[in-house]
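1. coords below, sequence missing:
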Ligand code: GDD
Ligand code: MN
């Protein structure tokens, strides 16, 4: 059915050449899409109809080993296609960012090359940005009227749902993982300094960093790719979790660090109790308790260094380890002082003593957290999210993969 597409452009290329600056830039990241582009580009052109004279199509290719570049050059003689080939970088997110930076249009629309996204919905997505209150428009699978092809197995569906659910505190959008979306160039320019995606959820990155709170979702039917294959990989799932961590830290700052710190603490408690139980088989209580505490403390140190405060430079491990132990000791002393002094104020029942101890634990943990965040794992390089660094970091990302 796709072959019905006439290769004839809807606007005479000559006429188009003299056209004014494009108003809309359609950005298509590609990697090995030689089979799909010749179908997609005419479809886009036809779907745009009258709008077509106001559009540029920017293809950002990462030097695909197939014939994508050649195919694209051929298409450029009939359609308003601009090709940008990157020879050094690789990655969907950074390709989209590169395309957006090159775009001349005031409105930017991003879509996949593999015919998963219906071009006939482009006018609707773009039109939604006519409303000045709307900051971001998604071609959405998960609003009424939208959907995915049937052969999406249950696992892929579940995977996508869980990924969406994990992003819930960051955005109320129903389909923030979508690769089919529209945004104003202005919003992108304002967010550019902050962009630092890992993996390929560039839409979510733009929603968060562009501070897009008002999002419109246009229902679409998502089709499985026709030609070639998606790069579904476990590694991309890990990248997604790393990306989420970054976004949570960006949006929620110290609350995100505290949540991770407390989670690590909870695992440390389990390690402590298990070790204690094991050691009691061989050692007297005093020694077993002391050793278990030391094991749990070291466990907490390693996890906090690797996860919670992963921004902290990797050097000075020993110095950080000893200051971490010191910080835990200070936390313990504060815990003790608060618990004991509150217990002496409260009526002397056991329940009140436990309440006092709970407040002591909170005070000690809070103090420990602040010490860890600002002293033990001090951020020696807080400027690493500078524009240069951010974009360069995002360019290091490798291929995209699975669905969200
Ligand atoms: N330039 C460039 N560089 N483009 C790339 C790269 C890369 O390294 N890797 C993939 N692309 C292009 C592909 O050529 C395609 O046009 C688009 O990015 C999406 O790649 P797919 O491999 O087809 O991804 P997917 O189908 O698994 O994921 C899509 O659907 C997801 C939702 O189900 C994407 O749209 C995701 O962003 C989206 O989350
Ligand atoms: Mn795809």
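-> Alright, I've got the coordinates. These numbers come from a predicted model, not from an experiment. Numbers count the residues shown, from 1 in each chain. Ligands and ions are numbered 1, 2, ... in the order given.
2. which SSE is residue 368 in?
-> Using DSSP states H and E, residue 368 sits within helix 350-371.
3. what comes up buried for that helix?
-> By 16 or more other Cβ atoms under 10 Å, the buried positions in helix 350-371 come out as 353, 356-357, 359-361, 363-365, 367-369, 371. (Glycine included, C-beta is placed from N, CA and C.)
4. now do stretch 213-232
-> Buried residues in stretch 213-232 (16+ other Cβ under 10 Å): 215-220, 222, 225, 230-231.
5. Between these, which sits nearest residue 138?
-> residue 217 (4.8 Å; Cβ to Cβ).
6. if we can go back for a sec, using TSV, lay out the buried residues of stretch 213-232 together with pLDDT, secondary structure and distance to ligand 2.
-> Listed next are the buried residues of stretch 213-232 as TSV, based on pLDDT from 0 to 100; DSSP: H, G, I helix; E, B strand; the rest coil; distance: Cβ to the ion, whole Å:
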residue	pLDDT	secondary structure	distance to ligand 2
215	97	strand	22
216	98	strand	23
217	98	strand	19
218	98	strand	19
219	97	strand	19
220	97	coil	13
222	92	strand	9
225	77	coil	4
230	65	coil	4
231	58	coil	9
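7. Determine which two of these are furthest apart.
-> 216 and 231 (29.1 Å).
8. does whichever residue of the stretch 51-200 of the chain sits closest to ligand 1 count as helix, strand or coil?
-> The nearest approach of the stretch 51-200 of the chain to ligand 1 comes at residue 179, 2.1 Å away (Cβ to the nearest ligand atom). Here residue 179 is coil, with the state taken from DSSP: H, G, I helix; E, B strand; the rest coil.
9. Among the buried residues of helix 350-371, which one sits closest to ligand 2?
-> Closest to ligand 2 out of the buried residues of helix 350-371 is residue 369 (41.9 Å), distances taken as Cβ to the ion.
10. The closest one touches residue 264, doesn't it?
-> No. Counting by Cβ atoms under 8 Å, residue 369 stays clear of residue 264, with 10.5 Å between them.
11. and residue 106, backbone torsions?
-> The phi and psi values for residue 106, taken as degrees, to the nearest 10, are phi -80, psi -20.
12. can you pull the contacts of the closest residue to it other than its chain neighbours?
-> Of all residues not flanking residue 106 in the chain, residue 185 sits nearest, at 5.3 Å (Cβ to Cβ, 6 or more residues apart in numbering). Neighbour list for residue 185: 25, 100, 103, 105-108 [criterion: Cβ atoms under 8 Å, 6 or more residues apart in numbering].
13. Out of those residues, which two sit at the greatest distance?
-> Across the contacts of residue 185 (Cβ to Cβ), the longest gap, 12.0 Å, separates 100 and 106.
14. element containing the closest residue to residue 310 other than its chain neighbours?
-> Computed as Cβ to Cβ, 6+ apart, the closest residue to residue 310 that is not its neighbour in sequence is residue 245, at 7.9 Å. For residue 245, the host element (DSSP H and E) is helix 234-252.
15. does that helix come close to ligand 1?
-> No. Figure legend: helix 234-252 not in contact with ligand 1 (Cβ under 6 Å from any ligand atom); closest approach 8.1 Å.
16. Packing partners of that helix?
-> For helix 234-252, the elements it packs on are helix 154-166, helix 202-209, helix 254-279, judged by 3 or more Cβ pairs under 8 Å, 6 or more residues apart in numbering; DSSP states H and E.
17. Name the residues of that helix that are buried.
-> 236-237, 239-240, 243-250.
18. And for stretch 124-138?
-> 124-126, 128-129, 134-138.
19. what do you get for stretch 319-333?
-> Applying 16+ other Cβ under 10 Å to stretch 319-333 flags 320-321, 323-325, 327-328, 331-332 as buried.
20. ok now the longest helix along the chain, how far from the chain's centre?
-> The helix that spans the most residues within the chain, counting by DSSP state H, is helix 317-345. Between the centre of helix 317-345 and the centre of its host chain there is 36 Å, according to Cα atoms, centre = their mean, to the nearest Å.
21. which secondary structure elements does that helix contact?
-> Using 3+ Cβ pairs under 8 Å, 6+ apart, helix 317-345 sits against helix 285-303, helix 350-371.
22. Mean pLDDT and distance to ligand 2 added to these, as JSON lines?
-> Listed next are the helices and strands packed on helix 317-345 as JSON lines, based on pLDDT from 0 to 100; distance: least, Cβ to the ion, whole Å:
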{"stretch": "helix 285-303", "mean pLDDT": "94", "distance to ligand 2": "35"}
{"stretch": "helix 350-371", "mean pLDDT": "90", "distance to ligand 2": "42"}
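23. Compare these and give me the one nearest ligand 1.
-> Nearest of the helices and strands packed on helix 317-345 (Cβ to the nearest ligand atom): helix 285-303, 29.5 Å.
24. For residue 404, report the pLDDT, please.
-> For residue 404, the pLDDT comes out at 39.
25. Contact partners for residue 296?
-> 268-269, 271-272, 275.
26. so residue 213 touches residue 170, yeah?
-> No. Using Cβ under 8 Å, residue 213 makes no contact with residue 170, being 10.9 Å away.
27. Give me the distance between the residue nearest the centre of the chain and residue 29.
-> In the chain, the centroid-proximal residue (Cα atoms, centre = their mean) is residue 243; its distance is 3.9 Å. For residue 243, the distance to residue 29 equals 17 Å [Cβ to Cβ, to the nearest Å].
28. go on, residue 317?
-> 39 Å.
29. okay, these two: which has more neighbours?
-> With neighbours defined as other Cβ atoms under 10 Å, residue 317 and residue 29 compare such that residue 29 has more, 28 against 11.
30. how about the nearest residue to the more buried one, chain neighbours excluded?
-> Take residue 29 and drop its neighbours on the chain: the residue closest to it by Cβ to Cβ, 6+ apart is residue 95, 3.9 Å away.
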